[in-house]
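Asker: sequence below, structure please.
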Amino acid sequence: MHLIKTPMKRMALLGIAPLLISVMLGQPAVAEGTADRDKMAHAIKNLQQMIPGLKDTSVSPAPVSGLYEVIVGSDVLYVTQDGRYLIQGNIIDLETRENLTAPRAAQATAKVIEGIGEESMVIYEPKETKHTVTIFTDIDCGYCRKLHAQMDEYLAHGIRIRYLFFPRAGMQSESARKSEAVWCADDRNEAMTLAKNGQKIEMRRCKNPVSSHYSLGEQMGIRGTPALILEDGEKLPGYVPPDRLNRYLTQKAAGQP
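Answerer: Coordinates of the predicted model:
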């Protein structure tokens with residue numbers, strides 16, 4: 001864990017633009033007693049003062065005494081009760097060896113992904129959907145192309161694929177231009193397939209979500225592609241073959257390890 005005084009490195013710590021800052025926790029647990037409520041109110045006030053753009057803040061007690069949990073986008077942070085220090089990292093219960101932060105981060109990630117809206121995704125639909133996987137993809141990434149070449153196999157397993165654009169070389173790259181062209185095509189699914197096959201597509205321009213997808217991926221810590229996000233928010237970095245992904249999703253749905 002890293003203990004960081006909030007007046008220092010406040011935006012660098014979060015790594016996201018003020019526009020993207022939103023605390024996505026539900027109703028905070030009710031603190032007992034006036035003193036506890038006052039501490040929570042003070043922590044919230046301090047956070048809002050130290051992190052410009054942080055609004056409608058919800059804070060809940062962390063699983064460790066003396067800390068509050070704050071969710072910013074898909075990041076889980078902890079703040080001391082006086083609102084002075086932010087702690088970035090995982091809380092591990094050494095007795096049970098359980099990561100207490102990971103499930104909360106996954107929940108936050110799932111909520112962020114669903115908040116994007118399917119109207120800004122390129123979606124491949126199976127005849128019968130058993131699972132949905134959201135993938136940050138790069139048009140020119142080798143393993144992204146390998147995954148896409150097996151699209152029919154994923155669909156045959158009932159795996160619904162939702163693409164988000166993540167041109168790894170940045171928004172000024174040729175991959176970003178191709179992503180925009182795919183979005184602006186009359187048939188986005190066909191254009192995606194052509195582009196991933198290395199074939200030429202019409203380089204159209206229009207209003208598109210490529211930049212917002214890329215910014216979100218950066219905020220979520222995406223570094224490579226393909227990056228798979230499961231329905232519960234779990235992240236699977238890298239290419240996963242259709243049979244293996246189906247087996248994992250089926251076991252996960254059945255509650256098997």
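Asker: make it CA atoms for all contacts and neighbour counts henceforth
Answerer: Noted.
Asker: what does the pLDDT read for Thr6?
Answerer: Thr6 is assigned 35 on the pLDDT scale.
Asker: likewise for Lys200?
Answerer: Lys200 carries a pLDDT score of 93 in this model.
Asker: now name the helix or strand holding the closest residue in space to it that isn't next to it in sequence.
Answerer: In space, and not counting its chain neighbours, Lys200 is closest to Leu194: 7.0 Å by C-alpha to C-alpha, 6 or more residues apart in numbering. Secondary structure from DSSP states H and E places Leu194 in helix 188-196.
Asker: could you give me the buried positions within whichever helix or strand comes after that helix?
Answerer: Later in the chain than helix 188-196, the nearest helix or strand by DSSP H and E is helix 210-219. Within helix 210-219, the residues scored as buried using 16 or more other C-alpha atoms under 10 Å are 210-217, 219.
Asker: then stretch 141-152?
Answerer: 141, 143-148, 151.
Asker: report the distance from stretch 194-207 to the chain centre.
Answerer: Computed by C-alpha atoms, centre = their mean, to the nearest Å, the separation of stretch 194-207 from the middle of its chain amounts to 26 Å.
Asker: can you show me the CA trace of it as PDB?
Answerer: The C-alpha trace of stretch 194-207 is given here as PDB (Å, rounded to 0.1, in the frame of the first residue of the first chain):
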ATOM      1  CA  LEU A 194     -12.300  -6.100 -42.700                       C
ATOM      2  CA  ALA A 195      -9.900  -3.800 -40.700                       C
ATOM      3  CA  LYS A 196      -8.800  -6.600 -38.400                       C
ATOM      4  CA  ASN A 197      -8.100  -8.700 -41.500                       C
ATOM      5  CA  GLY A 198      -5.800  -6.000 -42.800                       C
ATOM      6  CA  GLN A 199      -8.100  -5.000 -45.600                       C
ATOM      7  CA  LYS A 200      -8.800  -1.400 -46.600                       C
ATOM      8  CA  ILE A 201     -11.900   0.300 -45.300                       C
ATOM      9  CA  GLU A 202     -13.200   3.800 -46.200                       C
ATOM     10  CA  MET A 203     -11.600   6.200 -43.900                       C
ATOM     11  CA  ARG A 204     -14.700   8.100 -42.900                       C
ATOM     12  CA  ARG A 205     -14.900  10.700 -40.100                       C
ATOM     13  CA  CYS A 206     -17.900  11.300 -37.800                       C
ATOM     14  CA  LYS A 207     -18.800  11.800 -34.200                       C
END
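Asker: number of residues surrounding Arg97?
Answerer: Arg97: 8 surrounding residues under other C-alpha atoms under 10 Å.
Asker: now do Ala156 against Glu128, distance only.
Answerer: Distance, Ala156 to Glu128, using C-alpha to C-alpha, to the nearest Å: 9 Å.
Asker: got it, and Cys141?
Answerer: In terms of C-alpha to C-alpha, Cys141 sits 28 Å off from Glu128.
Asker: okay, domains of the protein per the record?
Answerer: Domain segmentation of the chain under automatic domain parsing yields 2-99, 119-253.
Asker: for Ala156, what are its contacts?
Answerer: Contact analysis of Ala156 by C-alpha atoms under 8 Å, 6 or more residues apart in numbering lists 126-127.
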